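Colleague: Fold the following for me, if possible:
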Amino acid sequence: MKVFCLNMAADTERLESFTKNYPESLPKFERWDAKTADDVQIPSWWRTPARYWANALNFIEMFEACANGTEDFLIFEDDCIFRPDFNERFDLFLAEVPQDWQYLNLGPVNCQGALYTPKQISENVLRPRYFNGTHAIMIRPEFAKVCADHLRREHWGTAHVCDQWLGTLFINPDFAKVYSPLVSLCGQGEFVSTLTGKTYADRWFMNYRYLDLSGNLQSAKDPYVSEE
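Modeller: Below you'll find the predicted structure:
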């Protein structure tokens, strides 16, 4: 497995924060130099600012690099934050994930839950449907090509944000073997978004509902946050 942190050259503060909090159980990561709006020429059909296309190209190139090799890629964005017990929970999650997995999201933003309800398949593993978020993902070479081709496809409809368009791949539950932890292992830290320009507080994206092992609809509970 190869591990990468996607980081713009100017974002030294983010890289320092990521490095400081990087889990000791993971292999040493390599910095992947992220493209910016100044580095790209947007296609004629593109409908959002150039920085969004730069973001898409970053993942296209990472996926293609994975597809051209033999090792799985674990990809983090530089604003990724980790649970305090990430090491233990990550091991538990991987132990339960089916061995034929193709794509893992360690902190998905589950969307449109009424239409695309995630389903629990074991104590610590969820099978999501439509979700966003690319701040912490794992991918296998054979499926990386599928993702790269999907992102290179022209005319994304209304979803001109990389993670939103990528998420449409997983709406059909039979299309890909994709999984996520029941309790998100990774979130996004308090930085100014390179896409929206807004500052967000730490986010763990635990505001979703899912079908439990008995088929009952449950609200996700974040064990790190007090209900009081």
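Colleague: export the lowest-mean-pLDDT helix or strand in the chain as CSV, just CAs?
Modeller: Across the helices and strands of the chain, mean pLDDT, DSSP states H and E gives its lowest value to helix 162-167, namely a mean of 89. Output of helix 162-167 as CSV, limited to C-alpha atoms (Å, rounded to 0.1, in the frame of the first residue of the first chain):
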residue,chain,number,x,y,z
CYS,A,162,-15.1,16.1,-8.1
ASP,A,163,-16.4,14.2,-5.0
GLN,A,164,-20.1,14.7,-6.0
TRP,A,165,-19.6,13.3,-9.5
LEU,A,166,-17.4,10.5,-8.1
GLY,A,167,-20.2,9.6,-5.7
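Colleague: residues touching the residue nearest to the spatial centre of the chain, list them.
Modeller: The centre of the chain sits closest to Thr134, judged by CA atoms, centre = their mean, with a distance of 2.7 Å. When contacts are counted by CB atoms under 8 Å, 6 or more residues apart in numbering, Thr134 touches Phe59, Ile75, Glu77, Cys162, Asp163, Leu166. For glycine as for every other residue, the C-beta is placed from the backbone atoms N, C-alpha and C.
Colleague: Can you pick out the most distant pair from those?
Modeller: Pairwise distances across the contacts of Thr134 peak at 13.3 Å for Glu77 and Leu166 (criterion: CB to CB).
Colleague: more crowded one of those two?
Modeller: For Glu77 versus Leu166, neighbours defined as other CB atoms under 10 Å are more numerous around Glu77 (27 against 24).
Colleague: any idea how far the more buried one is from Gln120?
Modeller: Look at Glu77 and Gln120: by CB to CB, to the nearest Å, they are 26 Å apart.
Colleague: For the protein, give me the ranges with low pLDDT.
Modeller: 157-159, 226-228 (pLDDT under 70).
Colleague: After whichever strand or helix holds Ile137, which helix or strand is next?
Modeller: Taking DSSP states H and E as the criterion, Ile137 maps to strand 136-139. Next helix or strand after strand 136-139 toward the C-terminus (DSSP H and E): helix 141-152.
Colleague: Good, we can wrap up now.
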